[in-house]
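Student: could you look at this predicted model? Sequence included:
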Amino acid sequence: MKRLLTYAILVAGLAGSAHAKDVTIGAIIPLSGASATQGEDQRRGMELALEKINVNGGVLGGKLSIITEDSAGRAPTALDAAKKLVTVDNVPVLIGEFSSGITIPVGEYIAQQKKVHLNVASTSIDVRKIKGDFYSVIGLDDVSGAFSAQDAIDRGAKKVAVIAPNNAYGQGIADAFAKKFKELGGEVAASIMYTEGQTSYRRELQQLEKSAPDMYVYTAYGKESATINREAFELGLTDTPWYAMYITMCTADSDPKYIEGQIGMDLNYVGPSGADYQAAYKKQYNGDFLSTFNGFAYDAVMMAAAAINKAQSDDPAAIAAALAEIGKKYDGVTGEIAFDDEHQRVTQPYLKLKIASGKVASN
Amino acid sequence: MFQFVVDVALRACDLMLIAVGMSAVYSLMKFPNIALAQYAAMGAFLAIVLQRAGLPLVPSSIVAVLIVGVVAVLLNRVLFERMLAIGSSTAMIGSLAVSMVISAIFLVIIGPSPARFNLEITRPLRVLGARITEHQVLSLGITAAAISVFAILLFKTDLGRCMRATATNNLLADATGIDTRKTKTAVVAISACLAALGGIIITMKGEVNIQTGLDLLLPVFSAAILGGLGNPLGAVGGAIVIAMAETLITNVNFGPILGQDLVFLPAAYATAGSFVILVLTLLWRPRGLFISEVKRV
């Protein structure tokens, strides 16, 4: 009888422990290198999500934890990290990276390994080509390009000149912009894809000027953008309005004098339900958001936890099925998240912004 | 149209001082010192560092130029003279190696981000329909002044006479009592100072990064060869021709030919323009555009 009781307790204990299970997921973000600021911000978003999840009962009755690996902003390093997370740590879900050029190869690998991948920052439309259980929590550039075109039209632009970096991101967003802008009856008089990493973009700007636009539309990475803004000012092009796609990225490193009065758009990184989150972030890190990217990392972790709980399993296939279900309509801190047939976020709220007195302000 | 003239002048002034320095060194040392393009970036970085340390722009530029001159003389004594004893192509490859090392040093000390002077920003002026900033006008003025001083030095002073004599015939100059080693050292220092000043001028108009020196190498080299290596003032003409080619190639509208409004060649092709000119010149006038054959006896 006593022995039977011991068995019963043991079995109950085993069943209990099988049920209450700790789950570990993986993240690859740029904690060093050119995008280290944004990477640190992503880490903060994930940390806040993790705390909230574990305070509210965790996942599958146990705790959720994240193993974070540094990509150093390099694709080979990120791939090594992905291999380690998949083969050694055996994570069912992976979050990351930052830049599209790195997310795509990592995504291909994760898809091969049949794990779930959540994209939280890469907006190139080329991420659509990744098959498998790849989900984008952030809106892609077909959406942002179209939004910018509508916004430019609304602000009275009829004939624009576009300059963007000659890579997957720049081509994608410039195409999306041009398509929508022409649909709305506007004219794209010139479109230049600049070569990255030059010390001067004067010649490109002069070519744009020849098309005599009534608005310049551009997007560029921080340091290159600083050069473009300075030379546009020196050439007197800033007498015409300048429209920045992802204005916080475009103006981060520029001298305020060159960019005063610029208008543009950026991700709305705090949705209607995001006020509590923003307050929690401010309290935890004693300051404002480092970048626009923390909220997406936060939402990704929250959605992953919800999917694991819904699936009642840490099996990647089951999590993916649950994620697709949750992703029909999820109320995230970055706004409503819903996935299309290709697992990409359908609606991404954006903000209309301008530079006033050297600071980004709403318009 | 006047904007075209301004653009050519600005680009020519980017290349001119460094090309003149390269040509001057070649005339005496008989090897093209590739590290000269890096001396330009070095001068700019030093001046920026000094300005950040609290010196005003003009003194920090002068100190930077002088430091680069000293560094060049040291490098010449320690490395290039020994390499030259083996052969001029060895010295040239050696100078390429030195410029790579300098690049690596910049990367470690300054980092990959571009650096700028702390200068007051002013709106561009309108001159005959062209826009030009005060800093750009100033850079044109400094270049013209530096070239003039160099020309006076070369043609009106004893040092200049010694330089020309050594360039024409080293042995004969030695025999007539000219201290050719001292003359060569002077030319090495002067050319490095010119290059450093050129780098500072480029940075005054914009910014400098670790790539600046290597980016300048091809157009500067083309300008120096075009002017006839060893003919310092020929390099002035060479720089103008290269600047014209580069500006023209990105300013011609191919739209009408292709039935569209505006079609331009990508601006990244500008350096290809200078390369084409260089190849054509080497085929047509192998010794450069501005060299009189008599001098070469």
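Tutor: Here it is on my side, so go on.
Student: which parts of the chain are strands?
Tutor: Chain wasn't specified; assuming chain A. A:21-29, A:61-70, A:93-96, A:116-119, A:134-136, A:159-165, A:187-194, A:215-218, A:242-245, A:263-267, A:330-332, A:335-337, A:350-356, A:359-362 (DSSP state E).
Student: hmm, I had chain B in mind actually
Tutor: B:125-127, B:130-132.
Student: spit out the contact partners of residue B:90.
Tutor: Contacts for residue B:90 (CB atoms under 8 Å, 6 or more residues apart in numbering or on different chains) come out as B:83-84. Where C-beta positions appear, they are placed from N, C-alpha and C, glycine not excepted.
Student: ok, 7 Å please
Tutor: residue B:83 (CB atoms under 7 Å, 6 or more residues apart in numbering or on different chains).
Student: what does residue A:120 give?
Tutor: Counted by CB under 7 Å, 6+ apart, residue A:120 has contacts A:42, A:95-96, A:137-138, A:296-297, A:300.
Student: excluding chain neighbours, what is closest to it?
Tutor: Distances taken as CB to CB, 6 or more residues apart in numbering or on different chains put residue A:296 closest to residue A:120, at 4.2 Å, once the chain neighbours are dropped.
Student: now swap in residue B:268 and tell me
Tutor: Using CB to CB, 6+ apart, the closest residue to residue B:268 is residue A:195 (4.4 Å).
Student: isn't that neighbour up against residue A:166?
Tutor: Yes. Between residue A:195 and residue A:166 there is a contact at 5.7 Å, judged by CB atoms under 7 Å.
Student: tell me which parts of chain A are close to chain B?
Tutor: A:189-190, A:195, A:199-200, A:203-204, A:207, A:210-211, A:223, A:227, A:234-236, A:255, A:257 (CB under 7 Å from any CB of the partner chain).
Student: which of those are buried?
Tutor: Among those, those buried by neighbour count (16 or more other CB atoms under 10 Å in any protein chain shown) are A:189-190, A:199-200, A:203-204, A:207, A:210-211, A:223, A:227, A:234-236.
Student: what number of residues lie near residue A:182?
Tutor: 12 (other CB atoms under 10 Å in any protein chain shown).
Student: show me the contacts for it.
Tutor: So residue A:182 contacts residue A:188 (CB under 7 Å, 6+ apart).
Student: and the one 3 residues further on, by the same measure?
Tutor: Residue A:185 makes no contacts at all, as judged by CB under 7 Å, 6+ apart.
Student: related to what we said a few turns ago, go through the strands of chain B and name the closest to residue A:250.
Tutor: Nearest of those to residue A:250, taken as CB to CB: strand B:130-132 at 22.6 Å.
Student: who touches that closest one?
Tutor: With CB under 7 Å, 6+ apart, strand B:130-132 has contacts from A:235-236, B:2-3, B:6, B:124-125.
Student: change it to 8 Å
Tutor: Here strand B:130-132 makes contact (CB under 8 Å, 6+ apart) with A:234-236, B:2-3, B:5-6, B:10, B:124-125.
Student: can you check stretch A:306-320 too?
Tutor: Taking CB under 8 Å, 6+ apart as the rule, stretch A:306-320 contacts A:21, A:23, A:59-60, A:64, A:92-93, A:114-116, A:133, A:304, A:321-323, A:325-326, A:330.
Student: can you give me the neighbour number for residue 30?
Tutor: Using chain A. Residues near residue A:30, counting by other CB under 10 Å: 27.
Student: my question was about chain B
Tutor: Residue B:30 has 14 nearby residues by other CB under 10 Å.
Student: try residue B:108
Tutor: A total of 8 residues lie near residue B:108 under the criterion other CB under 10 Å.
Student: residue A:128 too?
Tutor: Applying other CB under 10 Å, I find that residue A:128 has 16 neighbouring residues.
Student: hmm, residue A:187 is touching residue A:160, no?
Tutor: Yes. Here residue A:187 reaches residue A:160: they are 7.4 Å apart, a contact under CB atoms under 8 Å.
Student: give me the common contacts of those two.
Tutor: residue A:181.
Student: surely residue B:119 meets residue B:135?
Tutor: Yes. In this structure residue B:119 lies within contact range of residue B:135 using CB under 8 Å: 6.6 Å.
Student: neighbour count: the two, which is higher?
Tutor: Neighbour tally, residue B:119 and residue B:135, criterion other CB under 10 Å: the higher count belongs to residue B:135, 19 against 13.
Student: okay, helices next: where are they in the stretch 1-150 of chain B?
Tutor: B:2-29, B:35-52, B:57-75, B:81-86, B:88-109, B:134-156 (DSSP state H, counting those that start in this stretch).
Student: next, the buried residues of the third one.
Tutor: Using 16+ other CB under 10 Å as the burial criterion, the residues of helix B:57-75 that qualify are B:57, B:60-62, B:64-69, B:71-73, B:75.
Student: tell me the one of those residues nearest chain A?
Tutor: Using CB to the nearest CB, residue B:57 comes nearest to chain A of the buried residues of helix B:57-75, at 17.1 Å.
Student: pull the CA atoms of the lengthiest helix in chain A into PDB?
Tutor: When chain A is parsed with DSSP state H, its longest helix is helix A:36-55. Taking Å, rounded to 0.1, in the frame of the first residue of the first chain, the C-alpha atoms of helix A:36-55 are listed here in PDB:
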ATOM      1  CA  ALA A  36      24.700  48.100 -32.000                       C
ATOM      2  CA  THR A  37      22.300  50.800 -30.700                       C
ATOM      3  CA  GLN A  38      19.300  49.300 -32.400                       C
ATOM      4  CA  GLY A  39      20.500  45.800 -31.300                       C
ATOM      5  CA  GLU A  40      20.700  46.900 -27.600                       C
ATOM      6  CA  ASP A  41      17.200  48.400 -28.000                       C
ATOM      7  CA  GLN A  42      15.900  45.100 -29.400                       C
ATOM      8  CA  ARG A  43      17.400  43.300 -26.400                       C
ATOM      9  CA  ARG A  44      15.600  45.700 -24.000                       C
ATOM     10  CA  GLY A  45      12.300  45.000 -25.700                       C
ATOM     11  CA  MET A  46      12.800  41.300 -25.300                       C
ATOM     12  CA  GLU A  47      13.900  41.600 -21.700                       C
ATOM     13  CA  LEU A  48      10.700  43.500 -20.800                       C
ATOM     14  CA  ALA A  49       8.600  40.900 -22.600                       C
ATOM     15  CA  LEU A  50      10.300  38.100 -20.800                       C
ATOM     16  CA  GLU A  51       9.700  39.700 -17.400                       C
ATOM     17  CA  LYS A  52       6.100  40.300 -18.100                       C
ATOM     18  CA  ILE A  53       5.600  36.700 -19.300                       C
ATOM     19  CA  ASN A  54       7.300  35.100 -16.400                       C
ATOM     20  CA  VAL A  55       5.500  37.300 -13.800                       C
END
